[in-house]
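[1] What follows is a predicted structure for the sequence shown.
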Amino acid sequence: MRSRNWLALVLGTSAILLGPVTALFGRAALFRSHPRNATVDLRKTSGFTLRAGSSNLPCVEYYGEEPPKRAVVLMDAFCPYHGLYLANAVRVRFPDTAVVTALSDYLYAFLSATEPESQAQWDSMRVPQDETTLAIWQSLPVAWQAVYCESDSGLESAEALREVLGVACRDKPVMLSARRHKYKMNDRVKSVGLESVKQKMCDSLDEAQAFAQELGLSTGESLQAVIVKPFRGVASESVHLCHDNAEIESAWNSITSTAVFGCKGRHDSVLVQEFLQGCEYAVDVVLRDGIPKVAAVWRYDKTQANGAPFCYVCTRLVDSHSDPQVPVVCDYVLDVLRALGVKWGLSHNEVIVTSDRGPVLVEVNCRQHNMDFCPLTMACIGYNALDMTVDALLGDEESWKVTYPAFPALRAQGCMVHLINYASGVLNEVKHLEEIDALPSVLNWEVYDHFREPGILIEPTVDIRSDAGWVQLVHEDLNTLEHNYEQLVAWMPTMFQAH
């Protein structure tokens, strides 16, 4: 069973810190081919040679018989079912392509501070910081094809590296910042005439409270609410549902006391948005030079739990046959991506379908869906977004047009159920595990290590980062899957026993 750790909090993913499989090379032998299935674990390797006046050559892996003709950079690639999955897919399907592992500036700083004993390793993996180092990268006899970043915190570093290397698969830099800034992305969507959320960046508490009242929030008892959140973040972190000025003040104080995600500075403003009510969807899209393919469509079930307004309960696959909103949602998302100038790679895009305005953007994320989605999509659709990404970046255009349909169709029902912990204190026991294993829809499940061992101090779930585990359900019969899902939800309040 997998367990998350401290790195997930830094990357904004469900990553596990595993050493990237690499081949280290020197100036005299730029590429060294490995026998198939050979591995070198960077976390156990000490073969780095610092060069006077420059950083190391980049860390490269390849498995071809001849020196590679092209290369892709996988940045912050630690998760076995995200970045390392991509590395293996490149190795198996495109052996003429080298994989270069790199660290974003943000993750480099974090690892240097927390694991200084491995500083040589972090130095060798860092993206180029000066002209000398960049010249070393550029001198490698390969065509730089793409840069893919697993972490949300490293997206800006990845964008910069694409430009300086001049990779083949890159978007124009004009709107890159809008893809990482929740206000700017929605403002861009509004500017091209698409439906968008009412919003304002507020530089003071008074301004936030005043705009909330413009949105209809009453100073007294009211059913109205607004969203107060940072302009950047992941996993619903620091997203506050506010019903009055006191709650807005609490949200302001909470957000402005924290650092900007992926940056060093603290927040000095907040984003206030109308509270959109409706069904929330996530659409995974892969593009090859502007030709889009929808990889998967998900519908979120969220609930209030433990005083938190947006706890994930279920992320379920849907298609146009199971949900009539799917075609409308997909068309809207593709329009949004065009508005933001996205022409290459994988994105995870979230929208809410309102009753009167249709789909409205929540956010665009130019990275993968941060859960272990491949087993579900392989079972229910027959392919997955990561394999599609490799094809988009390394395959040819004609194959791209015919290999995957424009929109996916489900051949089975599937979902990821997120285990909410309601208990607080010292863990006594975990109930219902054998019963979970016996459910006919269960494909796989995990209770995280820090919710398994008696004697561990546990806290209630308040967001997806603090959930207690997950259960993947797959079944041909929707009624069977729904029954198993409802049973899991019924077990959650008593699943974790603490004192």
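    Received it, and whenever you're ready, just let me know what you need.
[2] Go through the longest helix along the chain and flag the buried ones.
    Across the chain, the longest stretch assigned as helix under DSSP state H is helix 478-495. Within helix 478-495, the residues that count as buried by 16 or more other C-beta atoms under 10 Å are 481-482, 484-485, 488-489, 492, 495. Every residue, glycine included, has its C-beta placed from N, CA and C.
[3] now these in CSV, with pLDDT and distance to residue 343?
    Formatted as CSV, the buried residues of helix 478-495 follow (pLDDT from 0 to 100; distance: C-beta to C-beta, whole Å):
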residue, pLDDT, distance to residue 343
481, 97, 36
482, 97, 39
484, 98, 40
485, 98, 37
488, 98, 40
489, 97, 40
492, 97, 42
495, 96, 45
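[4] Let me have these in CSV, adding distance to residue 326 as columns.
    Formatted as CSV, these follow (distance: C-beta to C-beta, whole Å):
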residue, distance to residue 326
481, 18
482, 18
484, 23
485, 19
488, 24
489, 24
492, 28
495, 32
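[5] for those, which one is nearest residue 361?
    Proximity of these to residue 361 (C-beta to C-beta) peaks at residue 485, which lies at 27.6 Å.
[6] who does the longest helix of the chain touch, helix- and strand-wise?
    strand 413-419, helix 433-438, strand 469-475 (3 or more C-beta pairs under 8 Å, 6 or more residues apart in numbering; DSSP states H and E).
[7] which of these sits most buried?
    Mean neighbours per residue, mean count of other C-beta atoms under 10 Å, is largest over the helices and strands packed on helix 478-495 for strand 413-419, with a mean of 25.
[8] residues in contact with stretch 130-147?
    30, 53-55, 57-58, 67-73, 75, 97-98, 128, 158, 161-162, 164-170, 344-345, 393-394 (C-beta atoms under 8 Å, 6 or more residues apart in numbering).
[9] quick one: average pLDDT of stretch 125-139?
    The average pLDDT for stretch 125-139 rounds to 87.
[10] Start at 836, not 1
    All right, first residue 836 from here; so that's stretch 960-974.
[11] Just the endpoints, please. Distance across it?
    17 Å (C-alpha to C-alpha, to the nearest Å).
[12] what does stretch 1135-1147 give?
    7 Å.
[13] Contacts for that stretch, please.
    The contact list for stretch 1135-1147, computed with C-beta under 8 Å, 6+ apart, reads 1071, 1074-1076, 1115-1117, 1148-1151, 1185, 1253, 1255, 1257, 1295-1299, 1302.
[14] filter these to the buried ones?
    Judged by 16+ other C-beta under 10 Å, buried ones among these: 1071, 1074-1076, 1115-1117, 1148-1151, 1185, 1253, 1255, 1295-1299, 1302.
[15] Pull out the buried positions in the helix or strand encompassing residue 1084.
    Assessed by DSSP states H and E, residue 1084 sits inside helix 1080-1091. Within helix 1080-1091, the residues scored as buried using 16+ other C-beta under 10 Å are 1080, 1082-1083, 1086-1087, 1090.
[16] which parts of the next helix or strand after it are buried?
    Heading C-terminal from helix 1080-1091, the first helix or strand you meet, by DSSP H and E, is strand 1105-1109. Going by neighbour count (16+ other C-beta under 10 Å), the buried part of strand 1105-1109 is 1105-1109.
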